[in-house]
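1. this is a predicted model, with the sequence first.
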Amino acid sequence: RTSSASVRMAPTAAEQHTRKAVGLAARDASGHLSPLAITRRSTGDDDVVIKILYCGICHSDLHSIKNDWKNAKYPMVPGHEITGEVNEVGKNVTKFKTGDRVGVGCMVNSCQSCESCNKGFENLCLGIIPTYNLVDLDGTITYGGYSSMVVVHERFVVRFPDTIPLEKGAPLLCAGITVYSPMKYHGLNIPGMHLGVLGLGGLGHVAVKFGKAFGMKVTVISSSPGKKQEALERLGADAFIVGKNDEEMKAAMSTMDGIINTVSANIPMAPLLGLLKPNGKMIMVGLPEKPMEIPPFALVATNKTLAGSLIGGMRDTQEMLDLAAKHNVTADIEVIGAEYVNTAMERLAKADVRYRFVIDIGNTLDKEDS
Ligand code: NAP
Ligand code: ZN
Ligand code: ZN
C-alpha cells in the first residue's frame with residue numbers, strides 16, 4: 001500500500017515532460033523526416049538544458065530511420081552530433097553554466113555505477129541510454145539532436161573548445177570519438193606507423209585528419225575514385241587506393257599496421273585484410289546491415305586481429321575535443337537547413353557528401369514549426 005501510494009505521488013514521465021520542443025521525426029521505415037512537436041523533461045538536479053544550434057547527420061541516423069538494424073522505435077527523432085548553448089542548469093551541476101558552448105554525442109545516460117562506467121567507458125555500459133531510439137530511465141523514448149533543445153545529465157555533456165566553430169565541430173561528437181577511441185586503445189596513433197582508412201565518409205575523413213595529427217602515414221582505401229584529389233590535397237592523406245583496382249591493391253599488400261574500417265555496406269573483407277602487415281589490426285567501426293564473411297586464413301595466416309569499437313567514453317570524448325582544438329582537426333561540412341534533411345539523406349545513401357552534412361538547427365528548425 002505504501003509503495004503504491006508513493007508511486008501514485010511521484011510525477012509520471014508525462015508530467016515531468018513539460019518542456020515543449022520541435023523535432024524532425026521519421027514515422028516509419030520510409031525514413032521520411034518531418035516536423036513533430038515533442039516534449040523534454042523539466043530540469044533535474046543534475047541536468048543541463050541545451051539550446052541546440054547544430055546537429056551533424058551520421059550514417060547511423062540513416063541506418064536507424066530506415067530500420068536497417070531492426071530496432072527502430074517510431075516516431076524517431078535522430079541525431080547524435082549535437083552542439084549548442086546551455087540555457088539552464090540543475091542545482092547540482094558544477095561543470096556548466098548558462099551560456100556555455102557544449103556538445104552531446106551518442107549517449108545521454110548510463111547506469112553510472114558498473115565497472116565500465118567507473119573506468120570512464122560509459123559507452124560500454126550495458127545500461128547505456130543512446131541519444132535517441134531507446135527507452136530512457138523515466139520510461140520515455142529518447143529523441144535526438146534534430147530538435148530545438150535537449151535535457152541531458154551533466155556527465156554526458158562535454159565542454160566545447162573556444163577555437164572550434166560549433167558547426168565544424170559537431171561531427172566530432174560521433175565521427176570524431178568513434179575513430180579516435182580505437183586509434184588510442186589499439187595503439188594506432190604512433191608517429192611513423194602506416195594507417196589505412198577504409199571508406200572516406202564522415203568517420204573516414206576525420207580518421208585521416210587524426211592520423212596526420214599523430215604523425216602517421218595515412219592511406220585511404222575508397223570506392224570513389226573522384227575523392228582522390230581532395231583526399232590527398234585537402235585532407236592531407238599520403239596515398240589513395242581504389243578498392244576495386246587490383247593493381248593498386250596488390251601494390252599495397254602487407255604494408256599497413258592498422259585499418260579503421262568505416263564502410264557502411266557489406267563488402268568483401270579478405271582483400272582488405274591482405275593490406276595489413278603480419279600482426280596488423282583491422283578495427284570495425286562501420287555497421288553494415290548483414291553479417292560479414294571472413295575467410296579464416298585471411299586472419300590466421302599472419303596473426304591478424306579483427307576488432308570492433310563503439311564510440312568512446314565521456315573522458316575520452318573531452319580529451320579528443322581538446323586534442324582536435326590543439327591540432328586544428330574539424331570536419332569538412334556542408335551546412336544545410338532543416339527543410340533539406342530528406343534530400344541530404346538521399347545523398348548520404350549515395351556517399352555524395354564532402355564529408356558531413358550538418359543541420360543549422362538554430363536558424364532553420366523553428367521556422368519549420370511555424
Ligand atoms: P558515411 O559518411 O556514409 O561514410 C561511409 C563511407 O563508406 C562512404 O563515404 C563510402 O566511402 C563507403 N561506402 C559506402 N557504401 C559503400 C559500398 N557499397 N562499397 C564500398 N564503400 C562504401 O558514413 P559514416 O557516418 O562515416 O558512418 C560509417 C559507418 O559507421 C556506418 O555504418 C555507421 O552506422 C557506423 N558508425 C559506427 C559507429 C561506432 O560507434 N562504431 C559510430 C558512428 C557510425 P568511399 O566513397 O570512400 O568508398
Ligand atoms: Zn553516429
Ligand atoms: Zn554502467
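-> Noted; the coordinates are in hand. Numbers count the residues shown, from 1 in each chain. Ligands and ions are numbered 1, 2, ... in the order given.

2. is ligand 1 within reach of the strand or helix carrying Ile260?
-> Assigned by DSSP states H and E, Ile260 belongs to strand 256-261. No - using C-beta under 6 Å from any ligand atom, strand 256-261 stays clear of ligand 1, coming no nearer than 8.7 Å. Just so you know, the C-beta spots here come from the backbone N, C-alpha and C atoms, and that holds for glycine as well.

3. that strand: which residues count as buried?
-> 256-261 (16 or more other C-beta atoms under 10 Å).

4. got the contact list for Ala72?
-> 26, 29, 64-65, 133 (C-beta atoms under 8 Å, 6 or more residues apart in numbering).

5. most surrounded residue in those?
-> Sorting the contacts of Ala72 by how many neighbours each has (other C-beta atoms under 10 Å) puts Ile65 first, at 28 neighbours.

6. wait, that residue sits on Ala26?
-> Yes - Ile65 lies in contact with Ala26 (C-beta atoms under 8 Å); the separation is 3.9 Å.

7. residues shared between the contacts of these two?
-> Common neighbours of Ile65 and Ala26 (criterion: C-beta under 8 Å, 6+ apart): 33, 72, 76, 78.

8. which ones among those map onto strands?
-> If you go by DSSP state E, the shared contacts of Ile65 and Ala26 have Leu33 in strands.

9. might you list the low-confidence residue ranges for the stretch 101-250 of the chain?
-> By pLDDT under 70, the stretch 101-250 of the chain has no low-scoring segment.

10. residue numbers of it in contact with ligand 1?
-> Near ligand 1, when you scan the stretch 101-250 of the chain using C-beta under 6 Å from any ligand atom, you find 174-175, 178, 199-204, 222-224, 227.

11. state the distance from the closest residue to Asn67 other than its chain neighbours to ligand 3.
-> Nearest residue to Asn67, sequence neighbours excluded (C-beta to C-beta, 6 or more residues apart in numbering): Ala29, at 4.2 Å. Here Ala29 is placed at a distance of 31 Å from ligand 3 (C-beta to the ion, to the nearest Å).

12. in the stretch 101-250 of the chain, what residue is nearest ligand 1?
-> Gly201 (1.8 Å; C-beta to the nearest ligand atom).

13. name all residues that make contact with that residue.
-> Contacts for Gly201 (C-beta under 8 Å, 6+ apart) come out as 59, 262, 264, 351, 353, 355.

14. if you look at those, which of them are in strands?
-> Among the contacts of Gly201, no member lies in strands (by DSSP E).

15. ChimeraX command for the buried members of those?
-> Command for ChimeraX that selects the buried part of the contacts of Gly201, burial taken from 16+ other C-beta under 10 Å:
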select :59,262,264,351,353,355
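
16. sorry, back to before: how about the contacts made by the residue nearest to Asn67?
-> 65-67, 72.

17. for ligand 3, state which of the residues you listed is nearest.
-> Nearest to ligand 3 out of the contacts of Ala29 is Ala72 (C-beta to the ion; 24.3 Å).

18. per-residue confidence for that closest one?
-> We have a pLDDT of 96 for Ala72.

19. now Ala5
-> In this prediction Ala5 is given a pLDDT of 46.

20. circling back: do you know how far the residue nearest to Asn67 is from Lys212?
-> 39 Å (C-beta to C-beta, to the nearest Å).

21. for Leu33, which residues are in contact?
-> 24-26, 65, 78, 146, 341-342, 345.

22. tell me the bridge partners for the nearest residue to it once chain neighbours are set aside.
-> Distance criterion C-beta to C-beta, 6+ apart; nearest residue to Leu33, sequence neighbours excluded, is Leu24 at 4.5 Å. Leu24 has these beta-bridge partners by DSSP bridges: Pro35.

23. so Thr140 versus Tyr185, what's the distance?
-> 33 Å.

24. one step back: among the contacts of Leu33, which two are most distant?
-> Maximum pairwise distance in those, criterion C-beta to C-beta, is 13.2 Å, between Ala25 and Met345.

25. in the stretch 201-350 of the chain, which spans are helices?
-> 202-213, 228-233, 246-251, 270-273, 296-300, 314-327, 341-349 (DSSP state H, counting those that start in this stretch).

26. turn those helices into JSON lines, columns for distance to Gly44 and mean neighbour count.
-> Shown next, in JSON lines, are the helices of the stretch 201-350 of the chain (distance: least, C-beta to C-beta, whole Å; neighbours: other C-beta atoms under 10 Å):
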{"stretch": "helix 202-213", "distance to Gly44": "32", "mean neighbour count": "26"}
{"stretch": "helix 228-233", "distance to Gly44": "45", "mean neighbour count": "15"}
{"stretch": "helix 246-251", "distance to Gly44": "53", "mean neighbour count": "12"}
{"stretch": "helix 270-273", "distance to Gly44": "46", "mean neighbour count": "17"}
{"stretch": "helix 296-300", "distance to Gly44": "47", "mean neighbour count": "13"}
{"stretch": "helix 314-327", "distance to Gly44": "18", "mean neighbour count": "19"}
{"stretch": "helix 341-349", "distance to Gly44": "30", "mean neighbour count": "17"}
